[in-house]
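>>> what follows is a predicted protein model with its sequence.
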Amino acid sequence: MPVLCAVYGYECTQRAAFDLFELRPRFNALPEANAKARDKSLYHLTAVLVGDRLTAPVAFQLEAVLSFIEQLDVVITDPIVIDGPDLFSSLPLTLPTHGRHDGGGATLMADVFFGNSRAEFIRSCLRHLQDDHFCSTTQFADLLFKKVETFRQRRPLLEVSYFLLYSGLESHARAVTNDRMNRNSSDPIARLLVSYGFDVAVERPTDPRRSVSTYTHLRNALFHNGDLEATINVNGQTVTLKLLDFYANFLLLVSLVVFKAISFDDGHINWDSWIDRRPFK
């Protein structure tokens, strides 16, 4: 018997079919769908999921995937038995929230612009999350969920968010490179990022944003000393790195790594957007 899950806070205007369910939007016009999905003061009912094999664990995983796309917390209810032809009429139109925190803007464009990009990412991401061997050998679930948790916190703290980002990236890098013993985490992270096509190095004094050691120094200062800046020696000169100066770059980089981890590329992603802040091409 078909069951239904309500979706709150995810932007969509087109139906999309998946192996275990179908996503059915509440709104057909993008302005309304966008306004409801991006409202930070309330969760608005924006879609439903319908399927014979839709389960609570699938809904839980999908909630993280949709939240990652929006970079805003998305809520998906547990499955209920469908009752009546109007799928939306018996559902609450809004849910209260203490405030949704923007994680940096949606990572994928609206479905009216880039066709199946969102649906293809959802399909690929769920398939990889449900592959136990893949998740074990790549720590992909760790990477994704820690990224999502940065903006799901009731009151996002910079130090907590940064540690989640670094921890998720490090776990993924060490698993993929099979380097779990190296005390310098910059090495496996740099090798991973280079293998994914990013222009980085362990050390790049002329461009600290592309130097993996920059983010490691900041992680160490934060973790060991509770400091939001790190003082280092660069070519005989004392340099102070401030977390606030590099946080946005690192935040965007980790989102791009999520895409790379499952080999997702819709042809519109600007892979250097973590530097130039232009997310799409």
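Cool, got the structure.
>>> which residues touch the nearest residue to residue 276 once chain neighbours are set aside?
By the measure of CB to CB, 6 or more residues apart in numbering, the closest residue to residue 276 outside its immediate chain neighbours is residue 270, 7.3 Å from it. Every C-beta, even on glycine, is put in place using the N, C-alpha and C of the backbone. Under the criterion of CB atoms under 8 Å, 6 or more residues apart in numbering, the contact partners of residue 270 comprise 276, 278-281.
>>> from residue 211, how far off is residue 61?
Using CB to CB, to the nearest Å, one gets 34 Å for the distance from residue 61 to residue 211.
>>> I meant residue 238, not that one.
Distance, residue 238 to residue 211, by CB to CB: 16 Å.
>>> more neighbours, the two?
residue 211 (22 against 8; other CB atoms under 10 Å).
>>> do I have it right that that one meets residue 189?
No - proximity of residue 211 to residue 189 does not meet the contact threshold set by CB atoms under 8 Å, at 11.1 Å.
>>> next up, phi/psi of residue 198, please.
Dihedral angles phi and psi of residue 198 (degrees, to the nearest 10) take the values phi -80, psi 140.
>>> which residues touch residue 202?
So residue 202 contacts 186-187, 190, 211-213 (CB under 8 Å, 6+ apart).
>>> which two in those are spaced the farthest apart?
Comparing all pairs in these by CB to CB, the longest separation belongs to 187 and 211, at 12.7 Å.
>>> go ahead and name everything in contact with stretch 234-248.
Applying CB under 8 Å, 6+ apart, the set of residues contacting stretch 234-248 is 104, 158, 161-162, 205, 208-209, 214-215, 217-218, 222, 228-233, 277.
>>> now swap in stretch 178-187 and tell me
Residues outside stretch 178-187 that contact it (CB under 8 Å, 6+ apart): 170, 173-174, 188, 191, 202, 212-213, 216, 219.
>>> hmm, which two among those residues are most spread apart?
For these, with distances taken as CB to CB, the pair at the greatest spread is 191 and 219 (17.4 Å).
>>> check which helix or strand residue 57 maps to.
In the assignment (DSSP states H and E), residue 57 maps to helix 56-70.
>>> partners of the following helix or strand past that helix, with directions?
Counting by DSSP H and E, the element after helix 56-70 in chain order, helix or strand, is strand 75-76. The partner list of strand 75-76 in its sheet, established with DSSP bridges, is strand 3-8 (antiparallel).
>>> residues contacting residue 53?
With CB under 8 Å, 6+ apart, residue 53 has these contacts: 20-21.
>>> hang on, it in a strand?
No - with DSSP: H, G, I helix; E, B strand; the rest coil as the criterion, residue 53 is assigned coil and is not in a strand.
>>> how about residues contacting stretch 133-140?
128-129, 141, 168, 171-172, 174-176, 261-262.
>>> could you do stretch 209-220 as well?
Outside stretch 209-220, the residues touching it (CB under 8 Å, 6+ apart) are 162-163, 166, 184-186, 189-190, 193, 199-205, 208, 229-230, 232, 241, 243, 246, 249-250, 275.
>>> one more time with 6 Å
Counting contacts by CB atoms under 6 Å, 6 or more residues apart in numbering, the residues outside stretch 209-220 that touch it are 166, 185-186, 189-190, 200, 202-204, 208, 230, 232, 241, 243, 249-250.
>>> which residue is nearest the centroid of the chain?
Ranked by distance to the mean C-alpha position of the chain (CA atoms, centre = their mean), the top residue is residue 68 at 3.4 Å.
>>> let me see the backbone angles for residue 269.
As for residue 269, its main-chain torsions (degrees, to the nearest 10) stand at phi -80, psi 130.
>>> so how far is residue 198 from the nearest residue to it once chain neighbours are set aside?
Leaving aside its chain neighbours, residue 269 sits nearest to residue 259 (6.4 Å; criterion: CB to CB, 6+ apart). The gap separating residue 259 from residue 198 is 12 Å, by CB to CB.
>>> ditto for residue 183
Residue 183 sits 23 Å away from residue 198, taking CB to CB as the criterion.
>>> which one's more surrounded, those two?
residue 198 (19 against 5).
>>> so how far is residue 210 from that one?
Plainly put, residue 198 is 8 Å away from residue 210 if you go by CB to CB.
>>> try residue 183
With distances defined as CB to CB, the gap from residue 183 to residue 210 amounts to 22 Å.
>>> please report phi then psi for residue 93.
Reported as degrees, to the nearest 10, the phi and psi values for residue 93 are phi -80, psi -20.
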